[in-house]
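S.K.: Here you go, sequence then predicted model.
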Amino acid sequence: MTFEEQIQQKIDLKTKPLGALGYLEQLAFKIAKIQNTLTPQLKYPTQIVFAADHGLAQDGVSAYPPEVTFQMVLNFLQGGAAINVFCKQNNIAIKIVDAGVNFDFEDHPELIKAKAGYGTKSALREKAMTKEQLDFCFAESAKMVNLAFEKGSNIIGFGEMGIGNTSSASLIMASLLQKPIEECIGRGTGMNNEQLQHKTNILKQVMDFHGTITDPLEIMQTFGGFEVAQMCGAMLQAHKNNMLIMVDGFIATAAFAVAKAIEPTIIDRAIFCHVSDESGHRAFLESMNQKALLDLNLRVGEGTGCAIAYPIIQSAVNFLNEMASFESAGVSNK
Ligand SMILES: Cc1cc2ncn([C@H]3O[C@H](COP(=O)(O)O)[C@@H](O)[C@H]3O)c2cc1C
Ligand SMILES: O=C(O)c1cccnc1
């Protein structure tokens, strides 16, 4: 019997109708395969939240002002944001990263300083970042993932905070999938129709200014932001470390899609935690033939989908390890 057949047999011999744990069974299979064991374990779950500012945010692409980025970082450090609450609830370690916020933070035990700049440049007029900044983002975030890995973490989620970053994600999606930008744009923080029209006009101008870009690294450099680039680099390093990667919403999926364009096998280690309310996310997941665990109309990012989905991932591992088999429980199997 192949190892894959052994995993499937273990799942099928649990005391339940065949296939009755649905998507949890596929998840358990995936985790056992990644960890190469019939008794997988989730260790030291970790969430890294990358924050940065966006040049494009000066052009009215968000319903909220740019200073919300640094203000939310302070909120993360005080434990008051959505991601803090859900990580605390589920015993997930959290780190906050200044990937390039337009603000100087005091030292804090949960803050990692990896500033690539004081916000990206506006992609309306130039590339969001230099090649050096992109390399810096990849190198710094890889180090953070390695630190978590050395502490024993084998499951990691990534979140983001950056006013304007749904625009980066839309530009990345349109470029990678070669779709019209209109099909990749959503209301982000909650734009009305008029604001959405303005955002669409701006992003069309950005696409026209840069022309067609197909190289994944150039796409990331052109559309940013620093937090999206750091998420992407972090995902690539988690893949190298054979860690489970929890993918959050629209922006995290954009970072992931760039990582996948660079390293296609990363898809084997990814768990898509939820489908966001941000228009475009569903199609983005479908383009990779992926189904998300949850559909809760979330549209906040920060990694909240990962933290909320984590107990379900635990359920997948726990049924595989702890449920009785037909034989051990003396239950008739047809
Ligand atoms: C108070 C607040 C907290 C947030 N936490 C995450 N986001 C989310 O919204 C932003 C993206 O939307 P857009 O592209 O429209 O600016 C990102 O910062 C994202 O993390 C927030 C946004 C706000 C306003
Ligand atoms: O899906 C997301 O990640 C998202 C959507 C809207 C705003 N911020 C994040």
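M.R.: On my side now, so go ahead. Ligands and ions are numbered 1, 2, ... in the order given.
S.K.: Pull the contacting residues for the residue of the stretch 201-334 of the chain found nearest ligand 2.
M.R.: Nearest residue of the stretch 201-334 of the chain to ligand 2 (C-beta to the nearest ligand atom) works out as Gly249 at 2.4 Å. The C-beta positions use only the backbone N, C-alpha and C, and glycine is treated the same way. Contact analysis of Gly249 by C-beta atoms under 8 Å, 6 or more residues apart in numbering lists 274, 276, 278, 281, 298-301, 304-305.
S.K.: So what does the nearest residue to Tyr44 once chain neighbours are set aside look like in phi/psi?
M.R.: Spatial nearest neighbour of Tyr44, chain neighbours left out: Ser153 (4.0 Å); criterion: C-beta to C-beta, 6 or more residues apart in numbering. Here is the backbone geometry of Ser153 (degrees, to the nearest 10): phi -70, psi 130.
S.K.: Can I take it that Val49 is in a helix?
M.R.: No: membership of Val49 in a helix is not supported by DSSP: H, G, I helix; E, B strand; the rest coil, which gives strand.
S.K.: what's around the closest residue to it other than its chain neighbours, how many residues?
M.R.: Counting by C-beta to C-beta, 6+ apart, the nearest residue to Val49 once its immediate chain neighbours are dropped is Gly159, at 4.1 Å. Gly159: 32 surrounding residues under other C-beta atoms under 10 Å.
S.K.: repeat for Lys33
M.R.: The number of residues packed near Lys33 is 15, by other C-beta under 10 Å.
S.K.: helices and strands around whatever helix or strand it lives in, which ones?
M.R.: Applying DSSP states H and E as the criterion places Lys33 in helix 22-35. Judged by 3 or more C-beta pairs under 8 Å, 6 or more residues apart in numbering; DSSP states H and E, helix 22-35 is in contact with helix 3-12, helix 304-322.
S.K.: just to revisit the earlier point, leaving out sequence neighbours, find the closest residue to the residue of the stretch 201-334 of the chain closest to ligand 2.
M.R.: For Gly249, the closest residue by C-beta to C-beta, 6+ apart turns out to be Ser276, at 3.6 Å.
S.K.: repeat for Lys43
M.R.: Nearest non-adjacent residue to Lys43, counting by C-beta to C-beta, 6+ apart: Asn154, 4.7 Å away.
S.K.: And the one you found, how close does it get to ligand 1?
M.R.: 26 Å (C-beta to the nearest ligand atom, to the nearest Å).
S.K.: what's the neighbour count on the residue of the stretch 151-300 of the chain found nearest ligand 1?
M.R.: Proximity of the stretch 151-300 of the chain to ligand 1 (C-beta to the nearest ligand atom) peaks at Gly188, 2.3 Å away. Neighbourhood size, Gly188 [other C-beta under 10 Å]: 26.
S.K.: what sits against it?
M.R.: With C-beta under 8 Å, 6+ apart, Gly188 has these contacts: 61-63, 166-167, 199, 278, 299.
S.K.: my hunch is that it is in a strand, does that hold up?
M.R.: No: counting by three-state DSSP, Gly188 falls outside a strand, being coil.
S.K.: Tell me where the protein has strands.
M.R.: Using DSSP state E, the strands of the chain run over residues 46-52, 93-100, 111-113, 155-161, 244-247, 270-272.
S.K.: rewinding a little: what pLDDT does the residue of the stretch 151-300 of the chain closest to ligand 1 get?
M.R.: The model reports Gly188 with a pLDDT of 97.
S.K.: dump the residue contacts of the residue nearest to Lys43.
M.R.: Listed by C-beta under 8 Å, 6+ apart, the contact partners of Asn154 are 35, 41-44, 242-244.
S.K.: What parts of this structure come near ligand 2?
M.R.: Applying C-beta under 6 Å from any ligand atom, one finds that the chain approaches ligand 2 through 166, 188-189, 248-251, 276, 278, 281, 299-301.
S.K.: Widest-spaced pair of those residues?
M.R.: Distance extremes for those: the farthest pair is Thr189 and Asp248 at 15.8 Å, using C-beta to C-beta.
S.K.: Among these two, which residue is more densely surrounded?
M.R.: Asp248 (33 against 18).
S.K.: Please report how far the residue lying closest to that one once chain neighbours are set aside lies from ligand 1.
M.R.: Distance criterion C-beta to C-beta, 6+ apart; nearest residue to Asp248, sequence neighbours excluded, is Gly305 at 4.4 Å. The spacing between Gly305 and ligand 1, counted by C-beta to the nearest ligand atom, is 12 Å.
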